[in-house]
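S.K.: got a sequence here, can you model it:
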Amino acid sequence: MQHFPIFLNVAGKRIVVSGGGDAAVAKLRLLLKTRARVSVFANDPAEEIRNWAKDGKLHLVTRAVTHGDMICAALFYGANEDATEDARAAAIAHAEGALVNIVDDLSDSQFITPAIVDRDPVVVAIGTEGAAPVVARKIKADLEALLPTTLGRLAKIGKGFRHAVNALPFGAKRRNFWSAFYFDVGPKAIEQDEASVQPALEALLDTHLHMPEKQGHVDLVGAGPGDPELLTLKARKALDKADVVIYDRLVSPDILELARREAILIEAGKTGFGQAMPQSQINELITTHAQKGHHIVRLKSGDPTVFGRLDEEITACEEAEISWRVIPGITAASAATAAIGQSQTQRGRNSSIRYLTGHNTKGFAEHDWRALAAAGEVAAIYMGKRSARFIQGRLLMHGAHPATPVTIIENASRADQRVIGTQLNMLEPTLTNAALSGPAVVIYGLAPRAAEAAIHQEEKVQ
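M.R.: From the prediction side, this is the model:
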């Protein structure tokens, strides 16, 4: 992020615009919505600018900017539509302490003006750092359609009521009150007339003041393999409501960004054969926060029902008499096989797939290696990076064909996804040489579709 978004208080401050053509008019239409003192310098200003000056909406000077014109100005806009004149005026503005924006010239601007959805005092700013203005316009159009025109009036009334609402404890209780006002009680009241809104607010506050304490709740949520677009709608809604998010080390930062800004984020990470938060401590975190009346999201990479210690956390909730629900996610094996263009099962090839873990709480995990070594078997091996040599040795020892295809998918579904094809007798050293740094799933028995097609073509030729 090159441009940090802020809302600048310009009430009573000077904003200077240099230019009198179409670019200046476009900026002024927005600037005149503020309570700033706007000055325009232009040799030949458009009629619209002259009319605004006559109406007292801005101060117009019919000449070019010169030294001393930007003293005490907070912002300066160069809108001359002439690069030389804009550069000259901008140099003066820089020297006199104003922040500078050159219209349609991002490289010489200290700040940018975003696309704005105006429901004063509710203002939504949309910026793309100049990379995709058409995207900003599309988002603006969508938000204009989404936000009711009465929202600004409701916000102004609500702003005057904020002191009274401080009687509610900070956090979920206040949030629930305002949610009920803006999305239910307020819109219904203002449909009758504006005078109905204040009594509705007072009645709503009385209801919430006497509302019994909310019981805590735990959502055990699958975050999916990492791509935030693969989150389920139910998981997304749970993150929107969560007071506390207790997340695994493998949950991607993009998904954590979707949590409410006010939510408490707690990492409860585990690393294979490495540092880890004990499960008993995770259980205690979950139940302690829930007993305070919080909505907890226990966020697990992939699907919580697959190698997620789900049963232990459910048991902890039940013993503490805390309500819970499971919100499944897309497991890493599904994302990994999709990444190589394969299905997990295929008629005539394999009628089942095994999900295995490379290690458990006791070390390397033992499995039915003889059954897995049979021709045509397919398995998705989780947490297999450090146990790869052990798995390779067990399978070869039990008769697996050395040329059985094996595919390693690192960071499945994410922007930095990597696919490495090999075969069983080369699993090690291939995996070590790959120097993986992200989560990986080892798919035993499947090659990427393109590689598999090439093998079949070679067999036909032979």
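
S.K.: stretch 242-253 spans what distance, first to last residue?
M.R.: 17 Å (CA to CA, to the nearest Å).

S.K.: got a list of contacts for it?
M.R.: Stretch 242-253 is contacted by residues 171-172, 219, 223, 226-228, 239, 256, 259-260, 262-271, 282, 285-286, 289, 294-302, 414, 439 when judged by CB atoms under 8 Å, 6 or more residues apart in numbering. C-beta coordinates here come from the backbone N, C-alpha and C atoms, glycine included.

S.K.: rerun at 6 Å
M.R.: Stretch 242-253 is touched from outside by 172, 223, 226, 259, 263-266, 268-269, 285, 289, 294-301, 439, with contacts defined as CB atoms under 6 Å, 6 or more residues apart in numbering.

S.K.: just the buried residues of it, please?
M.R.: A242, D243, V244, V245, I246, Y247, D248, L250, V251, S252 (16 or more other CB atoms under 10 Å).

S.K.: again, but for stretch 29-49
M.R.: L31, A36, R37, V38, S39, V40, F41, A42, P45, A46, I49.

S.K.: what about the third one, distance to Q2?
M.R.: Okay, so that is R37. 29 Å (CB to CB, to the nearest Å).

S.K.: now swap in the fifth one and tell me
M.R.: When distance is defined by CB to CB, S39 is 29 Å away from Q2.

S.K.: how many other residues sit next to A336?
M.R.: A336: 27 surrounding residues under other CB atoms under 10 Å.

S.K.: that one belongs to a helix?
M.R.: Yes. Under DSSP: H, G, I helix; E, B strand; the rest coil, A336 sits within a helix.

S.K.: settle this for me: it is touching V441, isn't it.
M.R.: Yes. At 4.1 Å, A336 and V441 qualify as touching, with contact defined as CB atoms under 6 Å.

S.K.: any common contacting residues for those two?
M.R.: Residues within reach of A336 and of V441 at once, by CB under 6 Å, 6+ apart, are I409.

S.K.: tell me what the helix or strand hosting V134 is packed against?
M.R.: Here V134, judged by DSSP states H and E, is contained in helix 133-146. Secondary-structure packing of helix 133-146 (3 or more CB pairs under 6 Å, 6 or more residues apart in numbering; DSSP states H and E): strand 115-119, strand 122-126.

S.K.: angle of the last one against helix 133-146?
M.R.: Pointing back at strand 122-126 there. Orientation check (axes from the mean of the first three to the mean of the last three CA atoms, to 10 degrees): strand 122-126 against helix 133-146 gives 160 degrees.

S.K.: list of residues touching strand 122-126?
M.R.: Applying CB under 6 Å, 6+ apart, the contact partners of strand 122-126 are P114, A115, I116, V117, A136, I139, K140, L143, L151, G152, A155.

S.K.: CA atoms only: put it into PDB for me.
M.R.: The C-alpha trace of strand 122-126 is given here as PDB (Å, rounded to 0.1, in the frame of the first residue of the first chain):
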ATOM      1  CA  VAL A 122     -21.200   8.400   6.200                       C
ATOM      2  CA  VAL A 123     -18.500   8.600   3.500                       C
ATOM      3  CA  VAL A 124     -17.000   5.600   1.700                       C
ATOM      4  CA  ALA A 125     -13.700   6.300   0.000                       C
ATOM      5  CA  ILE A 126     -12.500   3.900  -2.800                       C
END
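
S.K.: and that strand, what's buried?
M.R.: V124, I126.

S.K.: now do that strand and strand 115-119, the angle between them.
M.R.: Using the same axes, to 10 degrees, strand 122-126 lies at 170 degrees relative to strand 115-119.

S.K.: report the rounded mean pLDDT for strand 122-126.
M.R.: Mean pLDDT, strand 122-126: 89.

S.K.: now the helices: where do they sit in the stretch 151-300 of the chain?
M.R.: 151-159, 162-165, 172-180, 186-192, 197-209, 233-241, 253-256, 279-291 (DSSP state H, counting those that start in this stretch).

S.K.: which among these is found nearest to K54?
M.R.: Closest of those to K54 is helix 151-159, at 27.9 Å (criterion: CB to CB).

S.K.: which other helices and strands contact the closest one?
M.R.: strand 122-126.

S.K.: give the pairing partners of the strand it packs on; include direction for each.
M.R.: If you go by DSSP bridges, strand 122-126 pairs up with strand 115-119 (antiparallel).

S.K.: show me the contacts of stretch 242-253 that map onto strands.
M.R.: Members of the contacts of stretch 242-253 lying in strands (criterion: DSSP state E): I264, L265, I266, H295, I296, V297, R298, L299, K300.

S.K.: and of these, the nearest to A87?
M.R.: Nearest to A87, judged by CB to CB, of the ones in strands among the contacts of stretch 242-253 is L265 at 45.5 Å.

S.K.: quick one: residues contacting that closest one.
M.R.: Per CB under 6 Å, 6+ apart, neighbours of L265: V245.

S.K.: partners of it in the sheet?
M.R.: V245.

S.K.: from G158, how far out is it?
M.R.: Look at L265 and G158: by CB to CB, they are 28 Å apart.

S.K.: kindly report the same for T149.
M.R.: For T149, the distance to G158 - CB to CB - is 16 Å.
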